[in-house]
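Asker: Sequence unavailable; structure follows:
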């Protein structure tokens, strides 16, 4: 497969850019003001991890978009749907402080990400595998979210 670098860069910029915009809008500085469980990572870790995960999302979506598989439209729909659900979580958690609702929202997101991984994997194994760190991070985020909801 020949790499279309312009399309690859755009595929990466979409999730990274949207994630950065949401991060700025939600001002997650309130994270340090919350009562946190002992296993809570420092706030500086989040933008680093999310940037890596968004880059992996972009690469995966690029691989799928370049595919000739007839199922790619459905896979990309699931990708963009989960991305939208992902981005809304920050508003629910940081802006509105709906901690329990945010936990339910992450469960929805985990479901969509598992669905996306399966669809991506059926088109490109690499694309599916690149999303495993995202799923693992979301499982950790769910535990952290629930812990913060209990403590706050």
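Answerer: Perfect, thanks for sending it. Predicted model, so just to flag it, every value in this text is computed and none were measured.

Asker: Check which helices and strands the helix or strand where residue 57 lies sits against.
Answerer: Here residue 57, judged by DSSP states H and E, is contained in helix 45-66. Where contact means 3 or more CB pairs under 8 Å, 6 or more residues apart in numbering; DSSP states H and E, helix 45-66 is packed against helix 5-26, helix 72-90, helix 99-123, helix 125-129, helix 132-151. Every residue, glycine included, has its C-beta placed from N, CA and C.

Asker: What residues does the residue nearest to residue 144 when sequence neighbours are not counted make contact with?
Answerer: In space, and not counting its chain neighbours, residue 144 is closest to residue 40: 6.2 Å by CB to CB, 6 or more residues apart in numbering. Residues in contact with residue 40 (CB atoms under 8 Å, 6 or more residues apart in numbering) are 144, 147, 148.

Asker: Then residue 118?
Answerer: Under the criterion of CB under 8 Å, 6+ apart, the neighbours of residue 118 are residue 128.

Asker: So it versus residue 52, what's the distance?
Answerer: Relative to residue 52, residue 118 is positioned 22 Å away (CB to CB, to the nearest Å).

Asker: again with residue 108
Answerer: Going from residue 108 to residue 52 by CB to CB gives 23 Å.
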